[in-house]
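A.B. asks: build me a model from this:
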Amino acid sequence: MTGYSNAEPAEPVQPAGHGRQRRAVVTGAAGFIGSQLCRGLTSAGWSVLAVDGFTDSYDPTEKLLRAARLAREPGVSLVAGDLVQLELPSLLAGAEVVFHLAGRAGVRPSFRIEERYVRDNVIATERLLASSRAAGVRRVVYASSSSVYGDGPTPFREDAPPAPISPYGRTKLEAERLCLAAAGTGIEAVALRYFTVYGPEQRPDMGLRIFAEAALRRQPLTLLGDGSQRRDFTYVDDIVRATIAAADAPVSGLAVNVGGGSSISLLDVVELLRGLVAGEVRVEHRPAAPGDVRVTVADLTRARTLLGFRAEVPFAAGFAREVAWVRDRLERLERQPA
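C.D. replies: This next block holds a predicted model:
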């Protein structure tokens with residue numbers, strides 16, 4: 001079904017392949033979100049082919065550790081490889097749904113190495129779509145980004161003209177357009193515009209984790225800009241629920257926001273962090289970075305209507321879990337022999 005209405009959430013559709021084990025492919029499976037999506041899918045009874053290229057967008061050590069855990073997960077098969085180079089049709093054979101989370105993340109580096117973002121976000125997606133169609137995949141669920149909106153009026157609505165202000169945002173938008181254009185050509189496609197995902201195992205280059213690590217080490221936080229920037233933070237478990245729901249949602253050819261349901265300033269994050277680490281948190285201000293959006297707020301009407309989605313984890317509770325995870329990780333590292 002292609003379309004959208006303001007009606008109440010649709011009744012759950014009968015999953016394709018009901019009565020047999022369903023098979024999914026997850027790209028970017030060793031990433032922060034991808035690894036937890038794989039576990040969510042196997043818990044729901046899917047078999048999963050997990051694919052990851054272990055790119056250098058950040059230190060791949062954590063990806064390798066997550067991949068090792070996935071390899072021991074019942075129902076998961078792991079393949080290491082680059083989507084631009086892999087023999088994709090044979091890998092995708094028999095898959096009902098492809099969850100496409102692979103790509104080069106990060107706004108600031110995209111200004112320096114835009115060509116790598118084009119390769120990993122656009123070219124890889126184009127190749128994956130062609131191979132999915134050839135392999136008879138029913139649906140592709142694409143992990144897009146709130147970065148496609150740029151500094152547009154809030155709350156961000158999916159029918160508003162996108163206006164990304166970074167090469168990262170532009171490549172995510174181009175890949176999203178490729179996915180949505182593929183809908184109706186023998187494949188279903190949905191693009192989920194994720195809003196700042198956080199939680200335990202968050203990427204080491206993301207702000208909340210950087211803040212938590214600095215505070216727990218009693219080091220100053222570097223805050224870019226005046227701290228009044230606001231973000232619609234979305235807990236990773238909520239993202240996973242929405243992503244799995246998109247496999248059977250009565251929608252194709254549309255983008256859908258997935259957000260946490262509230263917008264928090266970075267100054268408020270710092271205040272919350274002071275309580276979580278039970279100590280003073282020093283802040284050093286630096287100029288705002290290129291591509292840094294002032295405010296993100298998701299309009300979640302489509303998510304409620306088409307995915308039956310409502311965020312369940314409030315920011316204070318989710319951030320407390322992330323800080324606890326960071327604390328445990330730092331303590332483990334300190335106990336390791338030099």
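A.B. asks: and Asp292, its phi and psi?
C.D. replies: Dihedral pair for Asp292: phi -80, psi 110, per degrees, to the nearest 10.
A.B. asks: revised request: answer the last question for Val326.
C.D. replies: As for Val326, its main-chain torsions (degrees, to the nearest 10) stand at phi -60, psi -40.
A.B. asks: and for it, the neighbour number?
C.D. replies: Using other Cβ atoms under 10 Å, the number of residues around Val326 comes to 24. C-beta coordinates here come from the backbone N, C-alpha and C atoms, glycine included.
A.B. asks: likewise for the one 3 residues further on?
C.D. replies: The local packing count at Arg329 equals 17, with neighbours defined by other Cβ under 10 Å.
A.B. asks: where's it, which helix or strand?
C.D. replies: Per DSSP states H and E, Arg329 falls inside helix 315-335.
A.B. asks: likewise Arg274?
C.D. replies: Using DSSP H and E, Arg274 sits in helix 266-277.
A.B. asks: flag the shaky bits of the stretch 51-200 of the chain, pLDDT-wise.
C.D. replies: Within the stretch 51-200 of the chain, no stretch falls below the threshold (pLDDT under 70).
A.B. asks: go on, the stretch 201-338 of the chain?
C.D. replies: Applying pLDDT under 70 to the stretch 201-338 of the chain flags the ranges 338.
A.B. asks: for it, which segments count as strands?
C.D. replies: Secondary structure of the stretch 201-338 of the chain by DSSP state E, counting those that start in this stretch: the strands cover 221-224, 230-231, 234-235, 254-258, 264-265, 283-286.
A.B. asks: tell me which residues touch Glu176, please.
C.D. replies: Contact partners of Glu176, counting by Cβ atoms under 8 Å, 6 or more residues apart in numbering, are 142, 144, 148, 191, 193, 255.
A.B. asks: export the residues you listed to JSON lines and append columns for secondary structure, neighbour count and distance to Phe54.
C.D. replies: Shown next, in JSON lines, are the contacts of Glu176 (DSSP: H, G, I helix; E, B strand; the rest coil; neighbours: other Cβ atoms under 10 Å; distance: Cβ to Cβ, whole Å):
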{"residue": "Tyr142", "secondary structure": "strand", "neighbour count": "27", "distance to Phe54": "21"}
{"residue": "Ser144", "secondary structure": "strand", "neighbour count": "26", "distance to Phe54": "22"}
{"residue": "Val148", "secondary structure": "helix", "neighbour count": "26", "distance to Phe54": "26"}
{"residue": "Ala191", "secondary structure": "strand", "neighbour count": "29", "distance to Phe54": "25"}
{"residue": "Arg193", "secondary structure": "strand", "neighbour count": "26", "distance to Phe54": "26"}
{"residue": "Ala255", "secondary structure": "strand", "neighbour count": "22", "distance to Phe54": "28"}
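A.B. asks: now those residues as CSV including distance to Ile33?
C.D. replies: Output for these, formatted as CSV (distance: Cβ to Cβ, whole Å):
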residue, distance to Ile33
Tyr142, 13
Ser144, 12
Val148, 17
Ala191, 15
Arg193, 13
Ala255, 17
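A.B. asks: need the max-distance pair from those residues.
C.D. replies: Longest distance between any two of the contacts of Glu176 is 11.7 Å, between Tyr142 and Val148; criterion Cβ to Cβ.
A.B. asks: would you list every one of the strands in the stretch 1-150 of the chain?
C.D. replies: Under DSSP E, counting those that start in this stretch, the stretch 1-150 of the chain gives strands at 23-27, 47-52, 76-80, 97-100, 139-145.
A.B. asks: and of those strands, who's closest to Ala298?
C.D. replies: Nearest of the strands of the stretch 1-150 of the chain (Cβ to Cβ): strand 139-145, 11.5 Å.
A.B. asks: from the rest of the structure, what touches the closest one?
C.D. replies: Strand 139-145 is contacted by residues 28, 33, 96-101, 103, 125, 128-129, 132, 168-169, 172-173, 175-176, 179, 182, 187-194, 243, 246-247, 252, 255 when judged by Cβ under 8 Å, 6+ apart.
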